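> 3D model of this:
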Amino acid sequence: MSGRSLKKGYCGSSCACACGASAKFVNWREKSVMSAFGDIRLSCSYYRCVHCRQSQQPWDEQLRLRASTPSGGRRRVTAGAEEVITLAGLLSSFQQAATSTLVRLTGIRVSESTVRRVTEDAGETMAQRLANKETFGPPQPWDWQQDARGKGCAYTAIDHVSVPQQGPNGAKAESRMAAVAMLYNPQSKHDQPLARGGCPVRFLSGLYELDALGLALRRQAAQVGWDHAEQQLALSDAGNGLEQFAAKNFPLAEPILDFFHASQHVTALAKAMHPHDEAAAAEQATTWCHQLKHAGGSALLAEWERLDIGRWNDQRREVYRQEVQYFRNHQHRMDYPRYVANGWQIGSGPVESGCKRLVTQRLKGAGMRWGERGTHTMCHLRALLLCQPDQWTHAWAASPPQTHLQN
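Model prediction:
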């Protein structure tokens with residue numbers, strides 16, 4: 001369908017300029033546009049303001065055209081084509097999107113570099129909209145899943161995942177840590193999944209500072225009715241600053257330490273207790289993990305503090321010191337018997353799964369390295385794509401701006 005032409009239509013003798021004056025019609029300008037149906041040749045009106053001397057091309061705005069390069073070249077991409085190209089760039093490598101995905105599904109033929117530019121430009125736009133405190137779609141309070149006490153429970157979680165980076169001249173650079181934060185409403189096994197897409201969830205991801213991420217996540221929380229939940233819960237591992245992040249942004253949420261991470265520390269001490277007997281260490285770890293889940297972190301810590309380590313060597317003593325200190329620091333969020341009795345989740349599996357789906361599956365393929373811009377923009381778009389209910393559609397459904405033509 002490439003090569004189609006769109007004939008010029010009626011134009012006014014002037015149009016409103018951003019400076020408040022009237023821009024005068026100059027002539028018609030020819031341009032080629034990439035649409036979801038292939039290349040289209042356009043003949044569009046061109047105006048120039050005599051007051052501020054800025055040019056105006058109203059039909060660019062009416063047709064929601066966007067420059068396909070940051071500097072804005074003569075070739076442009078319609079909103080429909082931009083969304084299709086961006087989706088292809090998110091779901092597969094830029095090369096595969098250009099050579100296979102787009103061609104097979106839409107007939108669009110663009111270069112790998114074009115797919116990259118269009119995708120990263122779209123991600124930069126979405127990131128800027130979020131930074132400008134924009135939310136997508138109307139507020140939609142969730143029907144919070146009830147716990148064993150009949151109270152609606154809202155969950156939040158946060159984690160980080162490394163993204164390989166590329167330095168100057170293609171050199172390997174130190175990896176950057178991308179944040180993945182989420183709000184979610186886990187459904188019971190008896191409930192129907194949300195449009196086969198899992199539980200209601202909002203993701204935010206990118207190279208965020210925690211303070212900026214907290215502000216953005218609170219805006220998302222307001223949209224889904226977080227404050228109406230009778231019980232708020234914040235799960236995380238013991239990553240630096242993560243508990244403080246939850247306490248600052250969701251002060252009413254009860255903190256829970258991910259049980260799997262706690263059990264890893266149990267296993268470490270069990271191995272130190274039986275350094276030459278793997279079977280005994282595994283049996284000890286199983287016993288302690290059962291005690292941790294059914295008696296709580298404080299009870300297990302008390303047992304550890306009664307251990308006789310007088311004959312342990314320095315290496316084993318250091319493991320003991322570290323693990324006991326870890327439990328002392330986090331026992332306030334290890335009350336697993338109460339959490340389980342209330343029907344609360346005690347694992348950070350949802351956010352770890354989010355890290356894999358958002359970041360690992362797309363940004364950590366074999367040989368992949370990213371720049372800071374690519375990392376940040378791709379994480380934003382991947383997070384938006386995986387939000388349930390559909391945030392992607394709301395974000396791309398912005399109405400075209402209205403330009404007033406004058407006779």
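
> and the helices in the stretch 301-407 of the chain?
With DSSP state H, counting those that start in this stretch as the criterion, the stretch 301-407 of the chain has helices at 314-330, 336-341, 349-355, 361-363, 372-386, 391-396.

> buried stuff in the first one?
By that I understand helix 314-330. By neighbour count on 16 or more other Cβ atoms under 10 Å, the buried set for helix 314-330 is 316, 319, 320, 323, 324, 326, 327, 330. In short, each C-beta sits where N, CA and C put it, glycine included.

> contacting residues for the residue nearest to residue 369 when sequence neighbours are not counted?
Distances taken as Cβ to Cβ, 6 or more residues apart in numbering place residue 166 nearest to residue 369, at 3.6 Å, with adjacent residues excluded. Residues near residue 166 by Cβ atoms under 8 Å, 6 or more residues apart in numbering: 172, 173, 369, 370, 371.

> what's the third one sitting at in phi/psi?
As for residue 369, its main-chain torsions (degrees, to the nearest 10) stand at phi -140, psi 150.

> hmm, residue 227 and residue 144 touching each other?
No - if you go by Cβ atoms under 8 Å, residue 144 and residue 227 don't touch, sitting 11.0 Å apart.

> ok, those two, which is more surrounded?
residue 144 (22 against 12; other Cβ atoms under 10 Å).

> ok so the more buried one is a strand residue?
No - read with DSSP: H, G, I helix; E, B strand; the rest coil, residue 144 is coil and lies in no strand.

> and it, how far from residue 254?
15 Å (Cβ to Cβ, to the nearest Å).

> cool, and residue 263?
20 Å.

> same deal with residue 314?
39 Å.

> name the SS class of residue 40, please.
Under three-state DSSP, residue 40 comes out as strand.

> sorry, wrong one. I was asking about residue 140.
Residue 140 - assigned by three-state DSSP - is coil.

> I figured it was touching residue 389, is that so?
Yes - using Cβ under 8 Å, residue 140 makes contact with residue 389 at a distance of 6.9 Å.

> for these two, indicate the residue with more neighbours.
residue 389 (16 against 12).

> how near is that one to residue 229?
17 Å.

> turn the helices of the stretch 301-407 of the chain into CSV, columns for distance to residue 96.
Output for the helices of the stretch 301-407 of the chain, formatted as CSV (distance: least, Cβ to Cβ, whole Å):
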stretch, distance to residue 96
helix 314-330, 44
helix 336-341, 44
helix 349-355, 23
helix 361-363, 12
helix 372-386, 15
helix 391-396, 21
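
> which one of those lies closest to residue 41?
helix 391-396 (25.2 Å; Cβ to Cβ).

> got the contact list for the closest one?
79, 83, 126, 129, 136, 137, 202, 384, 385.

> show me which of those residues is closest to residue 27.
Taking these together and measuring to residue 27 by Cβ to Cβ, the closest member is residue 79, at 25.9 Å.

> once you drop chain neighbours, what's closest to residue 159?
residue 351 (4.7 Å).
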